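*Asks:* Quick one, what's the 3D model for this:
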Amino acid sequence: MEPEKGRYDEGAFLHYDKMIDAMRRRGFTVFLNLWHFTLPLCAADEGG
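*Replies:* Model (predicted):
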């Protein structure tokens, strides 16, 4: 969601918003996982 430091991808936010809405409509309980196992290149370049 942050292709480069300080710039965020609004399309990615909208994508996940739609996914969460679809899961809730189907009865899922949604929770947030703050560690995604991959880092944006700008974060990796700074040591993670």
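
*Asks:* CA atoms of the least confident helix or strand in the chain by mean pLDDT as PDB?
*Replies:* Lowest by mean pLDDT, DSSP states H and E among the helices and strands of the chain is helix 41-45, with a mean of 79. Written as PDB, here are the backbone C-alpha positions of helix 41-45 (Å, rounded to 0.1, in the frame of the first residue of the first chain):
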ATOM      1  CA  LEU A  41      11.000  -1.900  -1.000                       C
ATOM      2  CA  CYS A  42      11.400   1.500   0.600                       C
ATOM      3  CA  ALA A  43      11.000  -0.200   4.100                       C
ATOM      4  CA  ALA A  44      13.300  -3.000   3.200                       C
ATOM      5  CA  ASP A  45      16.000  -0.500   2.000                       C
END
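
*Asks:* Which residues belonging to it are considered buried?
*Replies:* For helix 41-45, burial by neighbour count (16 or more other Cβ atoms under 10 Å) applies to no residue. From N, CA and C alone the C-beta is placed, and that goes for glycine too.

*Asks:* quick one: low-confidence parts of this structure?
*Replies:* Along the chain, the model assigns pLDDT under 70 to residues 1-3, 36.

*Asks:* Give me the helices and strands touching the least confident helix or strand of the chain, please.
*Replies:* Using 3 or more Cβ pairs under 8 Å, 6 or more residues apart in numbering; DSSP states H and E as the contact criterion, no secondary-structure element is in contact with helix 41-45.
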